[in-house]
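Student: What follows is a predicted protein model with its sequence.
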Amino acid sequence: MISNLPKQFVQTLRDVHKDKADEWLRDFDKLINDCEKRWQIKIMTPFDLSFNFVAPAIRKDGTEVVIKLVIPGDEFVSEVDALTLFNGNGIVKIIDVDIAKGILILERLIPGKTLASL
């Protein structure tokens, strides 16, 4: 799947995260496979990518979710803390998270809008 990632997305990761990006990208396909198995989801074509991998996914029971994969760091921890604090009140709700691996499974909001588009 890494070969299918947009070149600009890959370059942005390398510009921002340096060597961490290369390591994360090298293990990206394994991360995708591990997520699909762990959460019993099928990850679909990603949304427009900027700094993080964000894609719709379908759970085994047919529920639509969104998966967000990031290079873990302080900013990710702060995002998880904020989403946890709001607990779905006026903002997307966390279904599951793995902070160490930079994984967020979120409810799917339809229609959904990115913060950047607002």
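Tutor: Right, received. Where do you want to start?

Student: low-scoring stretches of this protein, by residue?
Tutor: 1-3, 112-118 (pLDDT under 70).

Student: can you tell me which residue is nearest the centre of it?
Tutor: Of all residues in the chain, the one closest to the mean position by C-alpha atoms, centre = their mean is residue 68, 1.1 Å from it.

Student: need the helices for the protein, in chain order.
Tutor: Assigned by DSSP state H, the helices in the chain fall at 7-17, 19-26, 28-39, 74-86.

Student: separation between the closest residue to residue 12 other than its chain neighbours and residue 21?
Tutor: Closest residue to residue 12 apart from its sequence neighbours, by C-beta to C-beta, 6 or more residues apart in numbering: residue 51 at 6.2 Å. (Each C-beta comes from the backbone N, C-alpha and C, glycine too.) Residue 51 sits 11 Å away from residue 21 when distances are taken as C-beta to C-beta, to the nearest Å.

Student: what sits in contact with each of these two?
Tutor: Common contacts of residue 51 and residue 21 (C-beta atoms under 8 Å, 6 or more residues apart in numbering): residue 13.

Student: These two: which has the busier surroundings?
Tutor: When residue 51 and residue 21 are compared for neighbours, residue 21 comes out ahead with 17 against 13, by other C-beta atoms under 10 Å.

Student: Nearest residue to that one in space, please, no chain neighbours.
Tutor: Nearest one to residue 21, counting by C-beta to C-beta, 6+ apart, is residue 13 at 4.0 Å.

Student: The one you found: neighbouring residues, count only.
Tutor: As a burial measure, residue 13 scores 24 neighbours (other C-beta under 10 Å).

Student: Quick check: beta-bridge partners of the residue lying closest to residue 42 once chain neighbours are set aside?
Tutor: Nearest non-adjacent residue to residue 42, counting by C-beta to C-beta, 6+ apart: residue 58, 5.1 Å away. Listed by DSSP bridges, the beta-bridge partners for residue 58 are residue 42, residue 64.
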